[in-house]
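Colleague: 3D, please:
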Amino acid sequence: MELQLQHLSKHYGTKYAVHDVSTTLSPGVYGLLGANGAGKTTLMRMLCGVLAPTFGRICLDGQSIEKLGEDYYAHLGYMPQDFGFYPDFTAREFMRYMAAVKGLDKKEVKDRTEELLKLVNLHHVADKKIKFFSGGMKQRLGIAQAELNSPDILILDEPTAGLDPKERVRFRNLISDFAKEKIVILSTHIVSDVSYIADTILMMKDGTFLLQEPMAAVTDCIRGKVWELLVSDREAAEYSSRFSVVNLHHENGKVRLRMIHETIPAADAITVQPSLEDLFLYYFGEEAGTERSESGYVSKI
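Modeller: Numbering: from 1, shown residues only. Okay, the predicted model is just below:
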């Protein structure tokens with residue numbers, strides 16, 4: 001199975017949210033990264049048929065999704081960024097309601113509902129009203145409903161936003177379990193959510209793809225540009241005024257700086273293995289969930 005994006009654009013007057021995006025997706029986990037406003041959600045909505053592209057087209061195995069119509073949606077599972085739950089429904093009622101909306105066979109709905117609620121660890125609260133659920137429980141219910149029709153394409157828009165670290169780990173594990181033999185697109189600005197599970201990174205900025213690389217090679221473009229240096233507090237402030245400091249750590253009265261720079265920033269700086277977070281900050285800096293302080297760019301991720 002292949003999902004093809006062919007010169008896909010979404011314009012609003014003279015402004016564009018997505019511009020001339022092309023790629024071919026096959027089964028695997030794709031981490032769609034970008035700062036807020038990069039165009040990720042607009043792209044997701046076009047993939048799900050919620051928005052029509054201004055230009056270009058989306059094809060499944062060579063056929064336009066417009067022509068495929070309901071046949072395309074039968075392959076699709078979608079968890080939007082702001083998922084609308086009915087607060088007075090129980091989890092079980094909500095799952096059965098969503099199954100009816102998707103037109104699933106009534107004979108299979110009961111077993112499928114129970115299977116998925118157990119898989120996302122909500123079977124013990126299946127008859128509890130959603131309005132009493134925590135954020136993490138709602139997110140798990142959201143991915144369960146996206147899996148109801150056993151989709152071949154699973155699109156998740158900011159699925160871990162607002163979750164605590166424990167819930168985010170649990171959610172990442174769920175995605176990994178669901179990802180077998182599927183095209184999974186995970187849109188997020190939280191780098192750590194994709195660094196463990198993505199096979200390929202798609203990075204967006206200003207509505208276009210900056211890069212499309214397999215996870216194993218995605219940081220190659222900044223190899224030799226990430227440095228660490230142990231300095232005093234005074235020197236730390238000095239370096240941060242001249243270089244992009246992406247992290248710092250106080251240890252034994254000194255400050256260990258992690259910087260991104262094209263050339264060696266000091267004689268005693270050492271080059272280190274770049275991370276996906278380094279790459280993200282290299283492209284996005286202050287707009288990428290970071291704070292600019294006297295210490296430089298300090299990631300809040």
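
Colleague: what pLDDT is listed against Gln289?
Modeller: Actually, residue 289 is Gly rather than Gln. Model confidence at Gly289, given as pLDDT, is 46.

Colleague: if you could redo that for Ser299, that was the one I meant.
Modeller: 39.

Colleague: how about Leu104?
Modeller: In this prediction, Leu104 has a pLDDT value of 90.

Colleague: so it sits against Pro151, correct?
Modeller: No - in this structure Leu104 lies outside contact range of Pro151 using CB atoms under 8 Å: 11.7 Å. To be clear about C-beta, it is placed using only N, CA and C from the backbone, and glycine gets the same treatment.

Colleague: give the residues shared as contacts by the two.
Modeller: The contact sets of Leu104 and Pro151 do not overlap (CB atoms under 8 Å, 6 or more residues apart in numbering).

Colleague: just the CA atoms of the helix or strand Leu210 falls within, as CSV, please.
Modeller: Leu210 belongs to strand 208-214 when assigned by DSSP states H and E. Provided in CSV are the C-alpha atoms of strand 208-214 (Å, rounded to 0.1, in the frame of the first residue of the first chain):
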residue,chain,number,x,y,z
THR,A,208,6.7,22.9,3.2
PHE,A,209,8.9,19.9,3.9
LEU,A,210,12.4,20.8,5.2
LEU,A,211,13.5,17.2,5.1
GLN,A,212,12.2,13.6,4.6
GLU,A,213,14.7,11.2,6.1
PRO,A,214,14.8,7.8,7.7
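
Colleague: adjacent strands (with direction) for it?
Modeller: strand 200-205 (antiparallel) (DSSP bridges).

Colleague: counting neighbours, what do you get for His249?
Modeller: When counting by other CB atoms under 10 Å, one arrives at 11 neighbours for His249.

Colleague: and for Ser64?
Modeller: Count around Ser64 with other CB under 10 Å applied: 14.

Colleague: give me the contacts around the strand holding Leu210.
Modeller: So strand 208-214 is contacted by 18-21, 23, 39, 199-204, 218, 220-221, 283 (CB under 8 Å, 6+ apart).

Colleague: mind doing that once more with 6 Å?
Modeller: Residues external to strand 208-214 that are found in contact with it (CB atoms under 6 Å, 6 or more residues apart in numbering): His19, Val21, Thr23, Thr200, Ile201, Leu202, Met203, Tyr283.

Colleague: spatially, which two of those are the most separated?
Modeller: His19 and Thr200 (20.8 Å; CB to CB).

Colleague: can you show me the strands along the stretch 1-150 of the chain?
Modeller: Ranges of strands in the stretch 1-150 of the chain, per DSSP state E, counting those that start in this stretch, are 3-12, 15-25, 28-33, 55-60, 63-64, 76-79.

Colleague: any regions of the chain where pLDDT drops low?
Modeller: For the chain, residues meeting the criterion pLDDT under 70 lie at 286-301.

Colleague: any idea how far Leu76 is from His249?
Modeller: Computed as CB to CB, to the nearest Å, the His249 to Leu76 distance reads 44 Å.

Colleague: typo on my end, it should be Ile175
Modeller: 16 Å.

Colleague: try Val21
Modeller: For Val21, the distance to Leu76 - CB to CB - is 18 Å.
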